[in-house]
Structure formats: C-alpha cells, structure tokens
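1. here is my input; please provide its structure:
(one chain, ligands or ions: 1)
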Amino acid sequence: MNSHHVPAIELRGASKAFRTPSGALHTAVRDLDLVVERGEFVAVVGPTGCGKSTSLTLISGLEEPTSGDVLVAGEPVRGIGDRTGFVFQQDAVFPWRTVLSNVMAGPRFRGVPKDRARERAREWLARVGLAAFEDRYPHQLSGGQRKRVALAATFVNDPELLLMDEPFSALDVQTRALMSDELLDLWSDTGASVVFVTHDLEESIALADKVVVMTAGPATVKEVFAIDLPRPRRVEEVRLEPRFVEIYREIWSSLGEEVRITRERGATHAA
Ligand SMILES: Nc1ncnc2c1ncn2[C@@H]1O[C@H](COP(=O)(O)OP(=O)(O)OP(=O)(O)O)[C@@H](O)[C@H]1O
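-> Sure thing, here's the model as predicted:
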C-alpha cells in the first residue's frame, strides 16, 4: 500500500441521524464528502446548528456514522485514537490540578515516566509562555492563559490529528488573535492535520489552507475554497491584505446564503 497517498481524514457519503426525545429521527449530517490531507489545516464554517460539531464527532470516533464511511489514515475510525487531540470552547482542564500537572496528565496517561512527562510538560509550558505559572490552578488564570494550558496539554501528546471546535470563541477579540497566531506557530512545527470548526469566517481564512462551507442543516459540503495566502501568517496583518478581502467576499457569497436560509427557517419555526 502506498501510504503517502492516504489522506489523514476522509469522509465518504457520511450521514448521521439522531433519535430525538420524541422518537423521531433527526438528520444532522448528510452525505458528507471531505478530504483532509496530512499536515493540512482545514476550517469548517457553516450556519449555526447546521451540523459542524456532529461532523467533528464523527471524525473523532465518538459517534459512528449512520451510513457512509469515516476513515482516519485510511482505516475506518473506531473510538478515539491515541494520536487525536481535542480543543473545545470549554477549557478541558482539571480544575483541581496545577497547570504543570494538567499538562503532564496526557503523557502520564499514555505511560510516559513521570520525570520525562514533567520535562515535556515544562517544554510546552515554556512554548506557550506559561513557564512561570506551572504551580497555579486553572481558576487563578485568565481565559487566554487557560486556553494556552489547554493547547500545551494537547500538543504535548504530539497529536497527528487536531480537532478543534470553536476553541477561541469565548475569548475577547485581542486574545483571540494572539491565540490564533500561537496556534499557527505550534501547528507549523508539528505537521498535525487540523479540522477547525468556527462561526467566524475571518478566523477561518486567516488560519486555514482550505475553508469548507457547509449548507444549512442537515449539513453537507457546499463548497471548498483553497486559501492561497502565503505563510507564515499573522492574523491581524493578513486580514488587511487585498487578497484576504477578495477571498472573504467570495466565501461569504456562498456562506451568507446558507446563513439566510437558516435565519428564515428560524423565523418560521418561531412563528
Ligand atoms: N446527540 C444528539 N441528539 C439529538 N440531536 C442532536 C445531537 N447532537 C446534535 N443534534 C442536532 O443536530 C443538529 C446539528 O448539531 P451540531 O451541534 O452538529 O451543529 P453545529 O453546526 O455545530 O452548531 P453550532 O454552530 O450552533 O455550534 C442540531 O439540530 C442539533 O440539535
């Protein structure tokens, strides 16, 4: 088998239906085709509630598709793999553990000896600028610092796949831009394949190699846009470039239509 041509992630006609409390079937994702190449940064945008998180859940192996295939490194995904890292909107940190202990937790869980785990955790804390904070507890940190802990705790495990669901949406605008830059720096050194779900079109263009626009729910891929902005990028700078604005307009004309459809449906349902 030629493993060089196996994408990191591939969804083929993947659909997911949930049983609602009233017993009806609700299709969240339908006939989803998506390829994420190794080392690629893919952002997924779509109207609220369309099925973005569900798509991520399928890739993570937390849920199985109702039909179709979800392949990771060419194999059907089964459960959460050891090489998959997650960053969500909520900080996935243990509140009762110090910063250092939080970042050591993943390597320890994976059987890394304590001294080595501590050393690796310290390296990553230094990289995210939190070396002086290793003895603090999460509640003694700002939102941005907690997010840095979450990033360090994820990257310390050397993930091949990084699944991110609106990781920065709870942060203020400036912190968000800083965190995006930091994420790009960390990612560019690791070669991880990233799927980054966001509501924010600007954020998606600034970060990604490819932006996937989802339809109004049930989600399927509407269009995929290659982002030809050079790297390295600084998000506050790149968004001022004429090419950025051009790409933004192009994608918004696709995404905006789905957002309108979703809004109109909401208005009808509320009526
Ligand atoms: N476990 C579940 N059981 C039943 N319905 C679900 C379940 N998970 C999600 N859904 C429904 O599937 C649809 C898609 O949800 P999902 O969270 O994937 O959307 P989203 O695009 O990520 O939303 P948002 O942009 O608001 O975060 C929604 O209508 C949601 O109510």
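2. got the end-to-end distance for stretch 234-251?
-> 20 Å (Cα to Cα, to the nearest Å).
3. buried set for it?
-> Of the residues in stretch 234-251, those with enough neighbours to count as buried (16 or more other Cβ atoms under 10 Å) are 235, 238, 239, 244, 247, 248, 251. The C-beta positions use only the backbone N, C-alpha and C, and glycine is treated the same way.
4. next one: it to chain centre, how far?
-> Its chain's average C-alpha position is 21 Å from that of stretch 234-251, according to Cα atoms, centre = their mean, to the nearest Å.
5. how about the strands in the protein?
-> 9-19, 25-36, 41-45, 67-72, 75-76, 84-88, 161-165, 193-197, 210-214, 221-226 (DSSP state E).
6. if we can go back for a sec, got a markdown table for the buried residues of stretch 234-251, with distance to residue 56 and pLDDT too?
-> Putting the buried residues of stretch 234-251 into a markdown table (distance: Cβ to Cβ, whole Å; pLDDT from 0 to 100) gives the following:
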| residue | distance to residue 56 | pLDDT |
| --- | --- | --- |
| 235 | 22 | 93 |
| 238 | 25 | 95 |
| 239 | 25 | 93 |
| 244 | 25 | 97 |
| 247 | 23 | 98 |
| 248 | 24 | 97 |
| 251 | 20 | 97 |
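7. what's the most distant pair in those?
-> Across these, no pair lies farther apart than 235 and 251, at 16.1 Å, counting by Cβ to Cβ.
8. any idea which of the strands of the chain has the lowest pLDDT on average?
-> Note on those: strand 84-88 shows the lowest mean pLDDT, a mean of 88.
9. that one to strand 161-165, inter-axis angle?
-> Relative orientation of strand 84-88 versus strand 161-165 (axes from the mean of the first three to the mean of the last three Cα atoms, to 10 degrees): 20 degrees.
10. any bit of strand 84-88 sitting next to the ligand?
-> No. Strand 84-88 stays clear of the ligand (Cβ under 6 Å from any ligand atom), getting no nearer than 10.7 Å.
11. list the helices and strands that strand packs on?
-> Under the contact criterion of 3 or more Cβ pairs under 8 Å, 6 or more residues apart in numbering; DSSP states H and E, strand 84-88 touches helix 143-155, strand 161-165.
12. fine by me, we can end here.
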